[in-house]
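Asks: Here is a sequence with its predicted model. Questions after.
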Amino acid sequence: MTDISYHNHSRFSDGADTINDMVQAAKAAGLAEFGLSDHWVVTPFCDPEVKTWSMAHDQLDNYIAGVLQAKQDYSDDSFQLRLGLEVDFFPENAAAVVAALGDRPFDYLIGSVHFVERFSVDISADTWAPFSQEQVDAIWRQYWQRIRELAKSGLYDIVGHLDLPKKFAFYPAVDLRAEEDAALAAIRDANMVIEINSAGLDKPCAEPYPSLSLLQRACALGIPVMVSADSHRCPNVMRNFPTAYDLMARAGYDPDTRWRFNRRQRQASPNV
Ligand SMILES: [Zn+2]
Ligand SMILES: [Zn+2]
């Protein structure tokens, strides 16, 4: 079984452990391929809280140097390290933010929506609690619109934790299937991969991102998927993988299919 996990964080953003410690843990866990994807968040508004979980903007090249050094130190015939970045999507500045990354040698960019307008959907349940059901519905509707715009931008390779607003189990009461399907169609048209993010199993929503229903529709559209742990500490580098692969199979995918990225080129790889 070849296991790959591309969505992981180090101390360069909100992870608890160093790049080297995370890579060593990934190798020890038996992963064949591991990628770091620390947060890169450039808000088009002032949000002091972001500093607590995003990479400092003057640290990007140190982060890249750290991953590339670890690649030299730890890659071998049975283990490959990849350089990724989890980039927040804001319609106001997305193109400029990605353009400013220049020709840095990323293997992949994960595009994520954590914010709807100025509201961060995944900080805590307390921030959701005061909302009326109508407000919850509105956040979800706007979220799907943002995912659609993210895909249409063509700036990223992988969609991060699709359906993240469910994290604290605040769900829409209205039928948003049309909005979801429009977002999925845009993802397919952009030739992106959706991650099955196993971190959701450890949150109040108690299931991976995205849901089985979304994955079934993604499968019907031929959208590739890949399992990732979204780990922020060493013990979590393969968290909940059996459950995530089980969900992948239940959605109609061949759970042995793997995708890899090298310098932003995607390749299918036979599982070995
Ligand atoms: Zn994220
Ligand atoms: Zn993440």
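Replies: Sure thing, it's come through. Ligands and ions are numbered 1, 2, ... in the order given.

Asks: is ligand 2 contacted by stretch 194-209?
Replies: No. Applying CB under 5 Å from the ion, one finds stretch 194-209 out of contact with ligand 2, separated by at least 7.6 Å. Using the backbone N, CA and C atoms, a C-beta is placed for each residue, glycine as well.

Asks: for that stretch, which positions count as buried?
Replies: Neighbour-count burial for stretch 194-209, counted by 16 or more other CB atoms under 10 Å, picks out 194-201, 203, 205, 207-209.

Asks: For residue 154, see how far away the residue of the stretch 151-272 of the chain found nearest ligand 2 is.
Replies: Nearest residue of the stretch 151-272 of the chain to ligand 2, counting by CB to the ion: residue 230, 4.6 Å away. With the distance defined as CB to CB, to the nearest Å, residue 230 ends up 23 Å from residue 154.

Asks: tell me which parts of the chain are close to ligand 2?
Replies: So far as CB under 5 Å from the ion goes, the chain lies against ligand 2 at 86, 230.

Asks: The residue of the stretch 151-272 of the chain closest to ligand 2 reaches residue 199, doesn't it?
Replies: Yes. If you go by CB atoms under 8 Å, residue 230 and residue 199 touch, sitting 3.8 Å apart.

Asks: Pull up the overlap in contacts between these two.
Replies: The contact sets of residue 230 and residue 199 overlap at residue 161 (CB atoms under 8 Å, 6 or more residues apart in numbering).

Asks: Please name every helix or strand in contact with the longest strand along the chain.
Replies: Determined from DSSP state E, the single longest strand within the chain is strand 80-88. If you count contacts as 3 or more CB pairs under 8 Å, 6 or more residues apart in numbering; DSSP states H and E, strand 80-88 packs onto strand 33-36, strand 39-40, helix 60-74, strand 108-112, strand 258-262.

Asks: Could I get the ones you listed in CSV, plus columns for mean neighbour count and mean pLDDT?
Replies: Formatted as CSV, the helices and strands packed on strand 80-88 follow (neighbours: other CB atoms under 10 Å; pLDDT from 0 to 100):
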stretch, mean neighbour count, mean pLDDT
strand 33-36, 26, 98
strand 39-40, 22, 98
helix 60-74, 16, 98
strand 108-112, 25, 98
strand 258-262, 18, 95
